[in-house]
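Trainee: Give me a model of this one.
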Amino acid sequence: METYSILKDLALIVIAAKVFGIIAKKIGIPQVAGEIIAGLIIGPCVLGFVQQTDFISQMAEIGVILLMFSAGLGTNLNELVKTGPIAFAIACVGVFVPLVGGYVLYSLFYGFAPVGDMEFYKAVFIGCIMTATSVSITVQVLKELGHLQGRVGTTILSAAIIDDVIGIVVLTFVIGFVSDSVKPMTVVLNTVLFFVFAIGVGLVLYHVFKWMDNRYPHTRRIPIFGLALCLALAYIAEEFFGIADITGAFVAGIILCSINDSDYIAEKMDISSYMFFGPVFFASIGIKTEISGMNVELLLFALGFVVVALITKIIGCGLAGKVFRFKNKDCLKIGIGMMTRGEVALIVAQKGLAVGLMSAVYFTPVILLIIFSSLATPICLKALFAGEPLPLSATVGGYEEDFVDSY
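Mentor: Have a look, this model is predicted:
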């Protein structure tokens, strides 16, 4: 009977997530927000049709691994190299300022804890959630405005990608520091060793997949072996190096992002992720969110969380842009373009919940941030770009579409 109950839960999750995702898209907010709301409604908070179980948690974990694998596959290494130093500097400041802002916000509400205390790491983790920038939302907004290929658009896009990489690395350190019986220097050493391992193994596997891609182009064996690589690196990262499994999945995507069939792999991964594992992951966030625990203090914290997360991105990325002599208006565009939050923020929050760095009630501020930033960013960017000529590359037939499809 337990097996049939699981099937019922999954059917409800998939149907509800899709229906509310469509509704969310119709009213102009990300579909993931609708899927999260679906989880809230069918979960214990409202109707109680579906309860959080170990099985749903495990399915959600696979979902988040596939999402990070897809994010890695969507990385354009050539663009990262082109805008390298500027985008890297903007991304670093765009991570540091929100990280500090989140730490200060949490500490103002719950007290400043000494370094090494669990409350200190919880405060830092709130900052970690704020560091993420949604690459997918940023790309879509710039594409619709026709400014994806300009200097500002390219800088925003590259910085957003680097931003997420840095954010995942920071998350890896924070999670490592709170693990039982693990010393800080061990965390640093394990993280460095993993990336050395990933670079060494990655170079070999890249050439293996490139050879396979040339010999058997557009065949299903390539995405199958790609998925195996994703799961293997996720396991190795967690089991042997003690860092987040999503880091391994993201690295697997990076390894394969430059082969000819990277888009084909992403397309096949999206079928499983979009139809099943993705909805289960996002709905599970709603299912485990505890609205009943909200009070006046948490409501004020949620409002402060949204405001600080938005302002720190604008200030941090905008000031970094000013250092590289962008015009004031362009600095504002960069800051606003970097303030969107999406899947990565949810992924970070999910990992924090799993290791005890936050409670389920704090998913509410994260959801509010995603919805508000996703609505505010297109409106603000449209106003800032109004009346400006399109970049020359945006008018060249087919180029922009090919560039966007790689994401």
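Trainee: going forward, measure contacts between C-alpha atoms and count neighbours the same way
Mentor: OK.
Trainee: Tell me, what's the model's pLDDT at residue 155?
Mentor: What the model reports as pLDDT for residue 155 is 82.
Trainee: pretty sure residue 286 contacts residue 46?
Mentor: No. The criterion here is Cα atoms under 8 Å, and residue 286 misses it with residue 46 at 10.5 Å.
Trainee: element containing the spatially most central residue of the chain, please.
Mentor: Centroid-nearest residue in the chain, with Cα atoms, centre = their mean: residue 344, separated by 1.5 Å. In this structure, residue 344 sits in helix 343-354 according to DSSP states H and E.
Trainee: Using PDB, write down the CA coordinates of that helix.
Mentor: Listed next in PDB are the C-alpha coordinates belonging to helix 343-354 (Å, rounded to 0.1, in the frame of the first residue of the first chain):
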ATOM      1  CA  GLU A 343      16.700  28.300  -9.100                       C
ATOM      2  CA  VAL A 344      20.200  28.600  -7.700                       C
ATOM      3  CA  ALA A 345      18.900  30.600  -4.600                       C
ATOM      4  CA  LEU A 346      16.400  27.800  -4.000                       C
ATOM      5  CA  ILE A 347      19.100  25.100  -4.400                       C
ATOM      6  CA  VAL A 348      21.300  26.900  -1.900                       C
ATOM      7  CA  ALA A 349      18.400  27.200   0.500                       C
ATOM      8  CA  GLN A 350      17.600  23.500   0.100                       C
ATOM      9  CA  LYS A 351      21.100  22.500   0.900                       C
ATOM     10  CA  GLY A 352      21.100  24.700   4.000                       C
ATOM     11  CA  LEU A 353      18.000  23.100   5.300                       C
ATOM     12  CA  ALA A 354      19.500  19.700   4.700                       C
END
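Trainee: Might you list the low-confidence residue ranges for the stretch 151-300 of the chain?
Mentor: Low-confidence segments of the stretch 151-300 of the chain (pLDDT under 70): 179-185, 187, 290-294.
Trainee: So the residue lying closest to residue 331 once chain neighbours are set aside versus residue 116, what's the distance?
Mentor: Once flanking residues are discounted, residue 331 sits nearest to residue 318: 4.5 Å by Cα to Cα, 6 or more residues apart in numbering. Applying Cα to Cα, to the nearest Å, the value for residue 318 to residue 116 is 32 Å.
Trainee: how far out from the middle of the chain is the helix ranked longest in the chain?
Mentor: Counting residues, the longest helix in the chain under DSSP state H turns out to be helix 184-215. Put simply, helix 184-215 sits 21 Å off its chain's centre (Cα atoms, centre = their mean, to the nearest Å).
Trainee: need the next SSE after it, C-terminal direction.
Mentor: With elements assigned by DSSP H and E, the helix or strand that comes after helix 184-215 is helix 221-240.
Trainee: Buried ones in that following helix, by neighbour count?
Mentor: 222-223, 226-227, 229-231, 233-237 (16 or more other Cα atoms under 10 Å).
Trainee: what angle sits between that helix and helix 184-215?
Mentor: Interaxial angle, helix 221-240 versus helix 184-215 (axes from the mean of the first three to the mean of the last three Cα atoms, to 10 degrees): 170 degrees.
Trainee: elements contacting whatever helix or strand comes next after helix 221-240?
Mentor: The element immediately downstream of helix 221-240 (helix or strand, assigned by DSSP H and E) is helix 245-256. If you count contacts as 3 or more Cα pairs under 8 Å, 6 or more residues apart in numbering; DSSP states H and E, helix 245-256 packs onto helix 54-73, helix 151-178, helix 184-215, helix 221-240.
Trainee: Give me the contact list for helix 245-256.
Mentor: Helix 245-256 is contacted by residues 64-66, 68-75, 168-169, 172, 198, 202-203, 205-206, 209, 226, 229-231, 233-238, 262 when judged by Cα atoms under 8 Å, 6 or more residues apart in numbering.
Trainee: same question, stretch 203-216
Mentor: For stretch 203-216, contacts defined as Cα under 8 Å, 6+ apart pick out 222, 255-256, 259-261.
Trainee: ok, of the residues you listed, which one's closest to residue 35?
Mentor: Closest approach between the contacts of stretch 203-216 and residue 35, by Cα to Cα: residue 256, at 28.9 Å.
Trainee: re earlier: which one of the contacts of stretch 203-216 sits in the busiest neighbourhood?
Mentor: residue 256 (28 neighbours; other Cα atoms under 10 Å).
Trainee: three-state assignment of residue 341?
Mentor: Three-state assignment for residue 341 (DSSP: H, G, I helix; E, B strand; the rest coil): coil.
Trainee: State the distance from it to residue 313.
Mentor: 11 Å.
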